[in-house]
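A.B. asks: sequence and predicted structure are below.
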Amino acid sequence: MSQSYHSNRRRIRANQHIRELAAMLQLNHKEFIQPLFLDESISKQTSIATLNEINADTLESLLQQIANDLQKGISKFLLFPVPLKKAENNFDYSFVTKALQQIKNKFGNTVWIAADVCLCAYTSHGHCGILNPEKDKVLNDASVKELANYSLQLAQAGTDCIAPSDMMDGRIGAIRNILDNNQLDEVSIMSYSAKFSSQFYGPFRDACKSTPGNNNKLQDRKTYQASSFNKNDAILSTLRDIEEGADIVMVKPALPYLDIIHELSETIQLPLAAYHVSGEYQSIELLVQNNIIERDKAHLEIWTALKRAGANIIISYAARHAKEWIEKIEY
Ligand code: PBG
């Protein structure tokens, strides 16, 4: 029996030239967002023990970090504020609004800042919203009201984008409304729309000191974050957020949810972000530290998978290396 011309697959793999020509996608550092942590409780830049190479910044070190990242070709950032004081209500956002004003004063439109909107770093119990008096339930509507108020303050301080990661229902519509009613219709919304309850947020919660404590009646975030057993919930939650006015939607974590990224990319017409979260990042870093894999190639392989699945924005703790690593890709 004669072989079909398809049977020799090695011709297309034979050398780097033909592999470059045969590549079906390209990575571009312009599609990357770098997360940053602004910690009100520290007086100098401090490394985050469980998140290799990532620091918690003071306002001063944050400005320097952004300047360094711009040098490396990264201009889009996702800012996570970590307040000094935790409370149950009446949160004070002034340290982050001041920081946003200074960032924008210094860098203007050479940078694009998305401010994470969630209450988990502010609450004494570590949950993403306000609890009922019995402390066994997150109050959706009271939380949405607070998140919208917080978003307004961030937008007035000059953030380019609001990125709500709390997973309350109706927050995208409420935020869009309050921004539009205050002449802030140019501020965009990137919704963490398909955000799953996950093990892989561990290092991030260390950085934000936001792990729901053991003395909590509500010990995890399963009552508001999506379940890995329910794909449709994540899809519906994303479609709902688009209807409510999201400009960019997101799947998070990334690698365990490639199927969701793929399905959404075929369904929706908006930019789709994949967030390779702290625990996913750190699992690579630990393999690298043990000399088991090569750092740049490992991150590049994952980023390629995210793009292949259909993401067009990648949020990665290694974003600041994207330009350098992509330039050196060996196909
Ligand atoms: C806050 C929030 C989380 C992350 C981003 N925003 C963690 C959580 O829900 O506990 C995770 C990011 C990461 O792990 O890199 N709600």
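C.D. replies: That came in fine, so what should we check first?
A.B. asks: who touches whichever residue of the stretch 1-150 of the chain sits closest to the ligand in this structure?
C.D. replies: Residue nearest to the ligand within the stretch 1-150 of the chain: residue 118 (4.0 Å; Cβ to the nearest ligand atom). Every C-beta, even on glycine, is put in place using the N, C-alpha and C of the backbone. Listed by Cβ atoms under 8 Å, 6 or more residues apart in numbering, the contact set of residue 118 reads 128, 147, 164-166.
A.B. asks: what does residue 41 give?
C.D. replies: 82-84.
A.B. asks: okay, now the unreliable bits of this protein?
C.D. replies: 1-3, 214 (pLDDT under 70).
A.B. asks: pick out the residue nearest the middle of it.
C.D. replies: With distances taken as Cα atoms, centre = their mean, residue 275 lies nearest the centre of the chain, 4.8 Å away.
A.B. asks: in a helix, that one, correct?
C.D. replies: No. Residue 275: not assigned to a helix; according to DSSP: H, G, I helix; E, B strand; the rest coil it is strand.
A.B. asks: where do the strands sit along the chain?
C.D. replies: 32-39, 46-47, 55-57, 76-82, 112-117, 161-164, 188-195, 248-252, 272-276, 313-316 (DSSP state E).
A.B. asks: which other helices and strands contact the shortest one?
C.D. replies: Right, the one you point to is strand 46-47. Judged by 3 or more Cβ pairs under 8 Å, 6 or more residues apart in numbering; DSSP states H and E, strand 46-47 is in contact with strand 55-57.
A.B. asks: now residue 143, nearest residue through space, not along the chain?
C.D. replies: residue 129 (3.0 Å; Cβ to Cβ, 6 or more residues apart in numbering).
A.B. asks: now swap in residue 72 and tell me
C.D. replies: Counting by Cβ to Cβ, 6+ apart, residue 72 lies nearest to residue 320, which is 5.1 Å off, once chain neighbours are set aside.
A.B. asks: hmm, residue 227 and residue 196 touching each other?
C.D. replies: Yes. Using Cβ atoms under 8 Å, residue 196 is in contact with residue 227, at 7.1 Å.
A.B. asks: how much space between the closest residue in space to residue 217 that isn't next to it in sequence and residue 125?
C.D. replies: Nearest residue to residue 217, sequence neighbours excluded (Cβ to Cβ, 6+ apart): residue 136, at 4.2 Å. Residue 136 sits 11 Å away from residue 125, going by Cβ to Cβ, to the nearest Å.
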